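Peer 1: Show me how the following folds:
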Amino acid sequence: MQNLNNKLRNGSWVTDFKLFAGSTTAHGVNQIFVGRNKFVRILFLLSWLGCLVYSVYMIMTSIVTFINKPTGTKYEILVNDADPNALKPQTIKFPTISICSHNKVKKSYLHRSGNEAIRKYWSILDMYDRNELKHIRWEDDDMASIANMTYQQVLSEGGPSDDRLVSCTQRQMNCMEILHSSEHYFKREETITGKCWRVNPSGLLYGKGGDFGKLQLMMFADLQDYTTRSADQPQYGFQVAFHDNQTYGSTLSAGYFVSPGSIYKVDLRLKKEKREPPPGGNCNASLVHTTYGAYSEGSCVMECKDRHVYDRCGCVNIVPPITSKYRSCNLREWAQCGLEAYLNFANDYQNPDLAENICPCPSACRETYYEAQLSSSSLSPVYTENLFKNPNVKGLLQYFSQPKYNISYDRQEDIMSNIMVIEILFSSMVTSEIVQVVTYTSANLLGDIGGVLGLFLGASVFTIIEFFQLLFFAISKHCFGRSRRTADGEEEEEEEDIPWSRVLQCIEEHNNGTQCYAESEQLQFDTNLS
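Peer 2: Residues are numbered from 1 along each chain as shown. Next up, the predicted model:
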């Protein structure tokens, strides 16, 4: 190789490439110059050029594919997050269950003495009639008395009472006994859908799979306390959502209608998703937390709604659970500005052509959710009859009755029309994970490049090193005029060039099994060529 390097320092460009072709590890290149006849040499030249062009095309295609990072979906079963080698988990975490009544404000609250102005205001607000709201005479004494009352305060004071969550049991034990704290049992949460129960807010309830570990909730709808607006809606009862305890306000973006007089069986599966950021995917890794807890597309929309209303009115209808920036609109602000801003946002977001511009919400890179399948049946008359005979239940019905507001629960039919039972269980103890993975990695790229170079050009990494070596010596000699120097720093005399015909003769003799040397005394040409 040293002799070849010496020769490269003194030959022409053509001579340099001929020497490279005769010594490179790439197959077939030397046949372009040493073929037995002109036809063979032309054939090898055209074949080599064709393979070179196709190889460049394939390599460039592979590089573009690698840059675009194509993705695929991988489905995995996570038996146990803490111990991947475990055969199966011993328990599984129950979701946080958000239950919201369709009756945002009770009739008894609106008809309470001293709430006449609130009743008048709500009768207009509940119709979502923005024109009527704008014509409210706030200078009147009765309306002026509630002008500074907030919208969220009305929902908090006028929403269903806490005790309408009648019971929560698991393994025939009360949830309070299991959790040892009312704080971990449930919390009340004001949302845009009304006042909600947030059951298992800390995510501390665990259970087994199947009916043995089910969680049972019983709710009382209190239908006689519905306002006129709530009663004339097509749905009544509750809206329920199952979600991770790190998220809030889930009933707006995802929820199920459940009606009193029925028992529901909810089959849950815990699932996780991992997505790729651009260019392979479309999630944003920087979006982790929102004012509604862990980031999701639903919480992103809620944030967009709040920003839209706040930018125009300086307040929002409901203050998000994780923020100190916003304040709840008072009733006057909501009537004159807030409701209209909210309805405008809702109309624009429902328009597919405008939604992406006013609220771009990419998918979450990591997401935990509960997939639910619901089945239902009407409550058995025998079951409700036994409940009605229970002295504790009779006492509860009397407590819920309010004769002052013409609300009375004293018949078995009242149980049938107001009680809703929901049983929540896991059909499987394992967690499934859907992972979006890059299907074309650097290993695939190197494998494809190596395969193309090897198959079409017979090249390898060492061939690439040889080619760069050729470029280095050729450029330094022809472009910068560099020549070899002796140890004393003096330029060496130019060595005698070897005729190319003699080189070809040496190669042919070497191919026939003989050893030949160049005739120059300074350059010994070892013809160990392949």
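Peer 1: from here on, contacts and neighbour counts on C-alpha atoms
Peer 2: OK.
Peer 1: Looking at residue 317 now. What's its pLDDT?
Peer 2: Here the pLDDT value assigned to residue 317 is 88.
Peer 1: So what's the residue count around it?
Peer 2: Residue 317 has 25 neighbouring residues, counting by other CA atoms under 10 Å.
Peer 1: from the chain's centre, how far out does the longest helix along the chain sit?
Peer 2: Longest helix in the chain by number of residues (criterion: DSSP state H): helix 38-68. Distance of helix 38-68 from the chain centroid (CA atoms, centre = their mean, to the nearest Å) equals 41 Å.
Peer 1: pretty sure residue 90 belongs to a strand, no?
Peer 2: No: secondary structure assignment places residue 90 outside any strand; it is coil (DSSP: H, G, I helix; E, B strand; the rest coil).
Peer 1: for it, what are its contacts?
Peer 2: By CA atoms under 8 Å, 6 or more residues apart in numbering, the contact set of residue 90 is residue 208.
Peer 1: Note down every partner strand of the helix or strand that the longest helix of the chain is followed by and its orientation.
Peer 2: Toward the C-terminus, helix 38-68 is succeeded by strand 71-78 as the next helix or strand (DSSP states H and E). Here strand 71-78 is paired, per DSSP bridges, with strand 431-438 (antiparallel).
Peer 1: neighbouring contacts of the partner strand?
Peer 2: Strand 431-438 is contacted from outside by 69-80, 269-276, 280-281, using CA under 8 Å, 6+ apart.
Peer 1: Which of the residues you listed are buried, as a PyMOL select command?
Peer 2: This is the PyMOL syntax for the buried subset of those, where burial follows 16 or more other CA atoms under 10 Å:
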select buried, resi 69+70+71+78+79+80+269+270+271+272+273+274+275+276+280+281
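Peer 1: just to revisit the earlier point, summarise which helices and strands the longest helix of the chain is packed against.
Peer 2: Contacts defined by 3 or more CA pairs under 8 Å, 6 or more residues apart in numbering; DSSP states H and E place helix 38-68 against helix 31-34, helix 442-452.
Peer 1: what's the angle from it to strand 431-438?
Peer 2: 130 degrees (axes from the mean of the first three to the mean of the last three CA atoms, to 10 degrees).
Peer 1: Helix 38-68 - what's its average pLDDT?
Peer 2: For helix 38-68, the mean per-residue pLDDT is 88.
Peer 1: tilt between that helix and helix 442-452?
Peer 2: Orientation check (the same axes, to 10 degrees): helix 38-68 against helix 442-452 gives 170 degrees.
Peer 1: do you know how far residue 235 is from residue 91?
Peer 2: Distance of residue 235 to residue 91, computed by CA to CA, to the nearest Å: 36 Å.
Peer 1: Residue 307 too?
Peer 2: Following CA to CA, the distance that separates residue 307 from residue 91 is 41 Å.
Peer 1: Equivalent analysis for residue 434, please.
Peer 2: Taking CA to CA, one finds residue 434 at 21 Å from residue 91.
Peer 1: With just CA atoms, put stretch 30-48 into CSV.
Peer 2: Extracted C-alpha coordinates of stretch 30-48, given in CSV (Å, rounded to 0.1, in the frame of the first residue of the first chain):
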residue,chain,number,x,y,z
ASN,A,30,-10.4,-3.3,-12.2
GLN,A,31,-12.2,-5.2,-15.0
ILE,A,32,-13.1,-1.8,-16.5
PHE,A,33,-9.4,-1.4,-17.3
VAL,A,34,-8.0,-5.0,-17.5
GLY,A,35,-10.8,-6.7,-19.3
ARG,A,36,-9.7,-9.2,-22.0
ASN,A,37,-11.2,-7.1,-24.8
LYS,A,38,-12.9,-3.8,-25.4
PHE,A,39,-16.4,-5.3,-25.2
VAL,A,40,-15.8,-6.8,-21.8
ARG,A,41,-14.4,-3.5,-20.5
ILE,A,42,-17.4,-1.5,-21.8
LEU,A,43,-19.8,-4.1,-20.4
PHE,A,44,-18.2,-3.8,-17.0
LEU,A,45,-18.1,0.0,-17.2
LEU,A,46,-21.9,0.3,-18.0
SER,A,47,-22.8,-2.3,-15.4
TRP,A,48,-20.7,-0.5,-12.7
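Peer 1: oh, and call the first residue 56 from now on, that's how I've got it
Peer 2: Got it, first residue is 56 now, which makes that one stretch 85-103.
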